[in-house]
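Student: Here is the input, now give the coordinates:
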Amino acid sequence: SEESTKHLLEMLIFSEVDPPYVGIEQVTETLDAASANAFASGLCSAWAAAGAKPAWKWAAHSLGHLGNDESARWLVGQIGAWAADGGKSTSLAGLEALGMIGSNVALMPLGRMSRRGRSWLKKGAQEILEDIAAHRGLSPDELEDQTAPTLGLDAGGSLTLDYGPRRFTVTFDEHLHPQIRDEDGERVAKVPPV
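Tutor: Numbering: from 1, shown residues only. Here you go, the predicted structure:
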């Protein structure tokens, strides 16, 4: 309802990043995830279209409170554009929102930004990742290991290609060159056609 929407907006406006206002959690339990994400995406998109004024950075934080991986992907592009336009405060609000989302999809770009880019952006991303790692009881390296993409590889670093009656295993040598082996362990030059 209009009244409920007004209350949610008020909560988002005055909520801290950490800890968030307790009422926000109650709302996220009531709304389905897609609706919450759509609401926050609309707020943040409108904020960005209106010039992304730093005083209203709560709109970016709303994605952190209510958003999902789709929001994180959108934010990554926005952060790059805001940084290119000199929007330091706005970009940092976007970084905070990525940290608030906290999924691997959100944390992987934070890791990239912590290693390259403008010095203030790197520093902001590093600080957020250090806070998240400490909150999870991990070192920054352990957090990075947990958020690294697996690319479909199993714990041993291999991938099984199942062709029904035939199976092939892909592994990587010390130079990360792929090696393909059939079920008998014989090396195959390339994956055969299906």
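Student: For Phe172, give me its contacts.
Tutor: Phe172 makes contacts with 157, 178-179, as judged by CB atoms under 8 Å, 6 or more residues apart in numbering. C-beta coordinates here come from the backbone N, C-alpha and C atoms, glycine included.
Student: ok, now with 6 Å
Tutor: Counting by CB atoms under 6 Å, 6 or more residues apart in numbering, Phe172 touches Pro178.
Student: try Leu8
Tutor: Per CB under 6 Å, 6+ apart, neighbours of Leu8: Val27.
Student: What distance do you get for it to Thr160?
Tutor: Leu8 sits 47 Å away from Thr160 when distances are taken as CB to CB, to the nearest Å.
Student: ditto for Ala52
Tutor: On the measure of CB to CB, Ala52 and Thr160 end up 46 Å apart.
Student: Of the two, which one has the most company?
Tutor: Ala52 (22 against 12; other CB atoms under 10 Å).
Student: Test my guess that the more buried one contacts Ser91.
Tutor: No: taking contacts as CB atoms under 6 Å, Ala52 lies outside contact range of Ser91: 9.3 Å.
Student: Past the longest strand belonging to the chain, which element shows up next along the chain?
Tutor: Longest strand in the chain by number of residues, with DSSP state E as the criterion: strand 167-172. Going down the chain from strand 167-172, the next helix or strand is strand 178-181, by DSSP states H and E.
Student: which outside residues touch the helix or strand just after that following strand?
Tutor: Following strand 178-181 in sequence order, the next helix or strand is strand 187-188 (DSSP H and E). With contact meaning CB under 6 Å, 6+ apart, strand 187-188 is reached by 180-182.
Student: hmm, try it at 10 Å
Tutor: Contacts to strand 187-188, defined as CB atoms under 10 Å, 6 or more residues apart in numbering, come from residues 168-170, 179-182.
Student: Could you tell me which of those residues count as buried?
Tutor: Taking 16 or more other CB atoms under 10 Å as the criterion, what is buried in the contacts of strand 187-188 is 168-170, 180.
Student: Which of those sits closest to Ile128?
Tutor: Minimum distance to Ile128 across the buried ones among the contacts of strand 187-188 is 34.9 Å, recorded for Val170 (CB to CB).
Student: who's in contact with the closest one?
Tutor: 152-153, 157-161, 178-181, 188, 191.
Student: got CSV for those, with distance to Pro109 and pLDDT too?
Tutor: What follows is those, written out as CSV (distance: CB to CB, whole Å; pLDDT from 0 to 100):
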residue, distance to Pro109, pLDDT
Gly152, 20, 72
Leu153, 21, 75
Gly157, 24, 79
Ser158, 27, 84
Leu159, 25, 86
Thr160, 30, 87
Leu161, 30, 86
Pro178, 26, 86
Gln179, 31, 89
Ile180, 32, 90
Arg181, 35, 89
Val188, 36, 88
Val191, 31, 77
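Student: Pass me the low-pLDDT residue ranges in the chain, would you?
Tutor: Along the chain, the parts satisfying pLDDT under 70 run over 149-151, 194.
Student: ok, which stretches of it are helices?
Tutor: According to DSSP state H, the chain carries its helices in the segments 2-14, 22-30, 33-49, 58-66, 69-84, 88-101, 104-115, 119-135, 140-147.
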